[in-house]
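**Q** Would you be able to build a 3D model of this:
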Amino acid sequence: MQTVKMVVTGPFNSGKTEFIRSISEIDVVATERKISSDAEKVKDTTTVAMDFGRITVDADLVLYLFGTPGQKRFDFMWEILSEGMLGFIVMIDSTRPETFREAKSILETFRAYAPTPYVVAANKQDIEDAWELDDLRIALRLDGAVKLLPCTATNKESVKTVLLELLYSILEEMESSAA
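**A** Have a look, this model is predicted:
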């Protein structure tokens, strides 16, 4: 059986935990804690170490999903979680342009950890004031070859589409390096 480790990363409140919860076949192992300061009162809890979910694709393939903390003070976990990853997803909250620079920085950080395939998931595309993909690509200065995918982290089909795109990229890379 082949296992594939994927990391789901991105800024605070971009939808990482919800993304994993939407698709995991097991109860997500989450390390969420109450937020004590009023500084980031967009929600009441934050991931402090990681989220973990699992998906059995078929008898031969299992995906392990590791969600990173989004707050800078927990970024020491990023490198630990990136070890052994075969690919990663950068989640972006399409409705919060003030987080785009941080998302770009996280993307560059993970690219430095390992030269693995990645995709960018533009979350909250179901919300009226979400940025269009073309505008997001410009704001994030993403090369045309980077897969930028619309996403709604609460929608299982949407999450599945993002995961499959990353999985195809990982399998492509594995085949080309084996050749």
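**Q** For Lys72, the count of nearby residues, please.
**A** Neighbouring residues of Lys72 were enumerated by other Cβ atoms under 10 Å; the total is 12. (C-beta placed from N, C-alpha, C; glycine too.)
**Q** Tell me how far it lies from Leu81.
**A** When distance is defined by Cβ to Cβ, to the nearest Å, Lys72 is 15 Å away from Leu81.
**Q** got it, and Leu61?
**A** 21 Å.
**Q** Show me where the chain has its strands.
**A** Counting by DSSP state E, residue ranges of the strands within the chain are 2-9, 29-34, 45-58, 61-67, 87-93, 118-123, 147-150.
**Q** for Val28, what are its contacts?
**A** The neighbours of Val28, taking Cβ atoms under 8 Å, 6 or more residues apart in numbering as the test, are 17, 20-21, 51-53.
**Q** where does it fall, phi/psi-wise?
**A** As for Val28, its main-chain torsions (degrees, to the nearest 10) stand at phi -70, psi 130.
**Q** circling back: check the strands of the chain for me: which has the lowest mean pLDDT.
**A** Averaged per stretch, pLDDT over the strands of the chain is lowest on strand 29-34, reaching a mean of 64.
**Q** and the longest helix for the protein?
**A** Counting residues, the longest helix in the chain under DSSP state H turns out to be helix 156-178.
**Q** just checking, what packs against it?
**A** Based on contacts counted as 3 or more Cβ pairs under 8 Å, 6 or more residues apart in numbering; DSSP states H and E, the elements that helix 156-178 packs against are strand 2-9, helix 16-23, strand 87-93, strand 118-123, strand 147-150.
**Q** ok, Thr99 touching Gly15?
**A** No. Counting by Cβ atoms under 8 Å, no contact exists between Thr99 and Gly15, whose distance comes to 11.2 Å.
**Q** how much space between Glu173 and Tyr118?
**A** Applying Cβ to Cβ, the value for Glu173 to Tyr118 is 11 Å.
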